[in-house]
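# Quick one: sequence and predicted model below, then my questions.
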Amino acid sequence: MNEITIKTSKRNEFINITDLVGNFLNNNSKKEKGVILIYCPHTTAALTINESADPDVPVDIIKYLSKLIPLSQEFKHSEGNSDAHIKSSLIGQSVFVPFENNSLTLGTWQGIFFCEFDGPRTRKVFISML
Amino acid sequence: MNEITIKTSKRNEFINITDLVGNFLNNNSKKEKGVILIYCPHTTAALTINESADPDVPVDIIKYLSKLIPLSQEFKHSEGNSDAHIKSSLIGQSVFVPFENNSLTLGTWQGIFFCEFDGPRTRKVFISML
Amino acid sequence: MNEITIKTSKRNEFINITDLVGNFLNNNSKKEKGVILIYCPHTTAALTINESADPDVPVDIIKYLSKLIPLSQEFKHSEGNSDAHIKSSLIGQSVFVPFENNSLTLGTWQGIFFCEFDGPRTRKVFISML
């Protein structure tokens, strides 16, 4: 399984991993055309694709998610990080991007983000080529 | 990359693209069995699968999403459409449907919807066969 | 299409299907390495990956989702279960897990859950190997 390691520095943080994924594709793809899967093996983190041009977009998403699903003492799970588990299931553990000629066919404004919801931690993502 | 073009007519709108995807599969599939990926290259739109029999279902989903994530002046992103970016990450950019004998194996009530959150615009989706 | 049948016993319930999927992989995979797709053909249910070690995690997720999206009389859809349709689109109909040597490469704490939002019912999921 191919892995990329990511170090996060805050409790809630979106890290743009588009270049990491693009470099991986360049170095590893044996096919001209296909789909790349990026998989998050953590239960308090997620992956999403959204605008990477304006850094205020991920800031707004992070802030609003924490307003919708606040850190709370009302949860049963004793680690106290159920907010992060809920965000993880809402955003999702996998993203897929089609590629052609060793380039990701992302939309003009799209970037791939690792979403940390219970950091800071050292995380990893798995990559598969379909 | 195979593309379908979609014209949306409202700011928030779900457009049933099941027939467009089914026709594409009929005309392009070289395999008897597989999985079709539909990918949204936009950051203020999404794709989902839900009930297509009763048109009130997408109406309820659209309305409730806008109640959960209202258009607001509190966001930092200067374009003022952060609500649409948040909805896009919550619903997601990709849907997958297994197919057999050139037919989508959707559930009885399922349809594939393009979810516009910042229209009206001309949009596109990419299609890949896995 | 390969199917697994699941019987749910409550209106809202997460059922851990990790072993069912693992057994299916063991009995059916012809490839050493790949990705398994689990697909939910229902519009008031979903699939997610989250912590399976502490059963309080799915309890917290279920409870908070029902707080965010309550059963309500305000919806138009006459069946009265629009809350379940909304949860279904937010959580999603598909999960993917990479596998190697006939084992799912899930993260340490990850399990695969079938998410019932309008039970009790007899449900099914489709499985494809990519």
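That came through, no problem. Numbering: from 1, shown residues only, chains lettered A, B, ... in the order given.
# From now on I want contacts and neighbour counts done on CA atoms only, so please keep to that.
Fine.
# and residue A:94, what does it touch?
Residue A:94 makes contacts with A:37, A:38, A:39, A:40, A:46, A:47, A:48, C:95, C:96, as judged by CA atoms under 8 Å, 6 or more residues apart in numbering or on different chains.
# Can I get those in JSON lines including neighbour count?
Formatted as JSON lines, these follow (neighbours: other CA atoms under 10 Å in any protein chain shown):
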{"residue": "A:37", "neighbour count": "21"}
{"residue": "A:38", "neighbour count": "25"}
{"residue": "A:39", "neighbour count": "26"}
{"residue": "A:40", "neighbour count": "26"}
{"residue": "A:46", "neighbour count": "27"}
{"residue": "A:47", "neighbour count": "24"}
{"residue": "A:48", "neighbour count": "25"}
{"residue": "C:95", "neighbour count": "21"}
{"residue": "C:96", "neighbour count": "23"}
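# From these, pick the one nearest chain B.
Nearest to chain B among the contacts of residue A:94 is residue A:48, at 6.1 Å by CA to the nearest CA.
# where's the closest residue in space to that closest one that isn't next to it in sequence relative to residue A:42, distance?
Nearest residue to residue A:48 in three dimensions, chain neighbours excluded: residue A:113, at 5.3 Å (CA to CA, 6 or more residues apart in numbering or on different chains). Applying CA to CA, to the nearest Å, the value for residue A:113 to residue A:42 is 14 Å.
# How many residues are close by the nearest residue to residue A:33 once chain neighbours are set aside?
Counting by CA to CA, 6+ apart, residue A:33 lies nearest to residue A:100, which is 4.5 Å off, once chain neighbours are set aside. Close neighbours of residue A:100, defined as other CA atoms under 10 Å in any protein chain shown, add up to 13.
# Same question for the one 5 residues further on.
Counted with other CA under 10 Å, the neighbours of residue A:105 add up to 16.
# per-residue confidence at it?
Looking at residue A:105, its pLDDT reads 96.
# Isn't residue A:101 up against residue A:33?
Yes. Look at residue A:101 against residue A:33 with CA atoms under 8 Å: they come within range, at 6.3 Å.
# Compare the two and say which one has the larger neighbour count.
Taking other CA under 10 Å, residue A:101 and residue A:33 do not tie; residue A:33 has more neighbours (18 against 13).
# Can you name the residues in contact with stretch A:12-29?
A:4, A:8, A:52, A:58, A:62, A:102-104, A:111-119, A:129.
# Narrow those to those in helices?
Assigned to helices by DSSP state H, the following of the contacts of stretch A:12-29 qualify: A:58, A:62.
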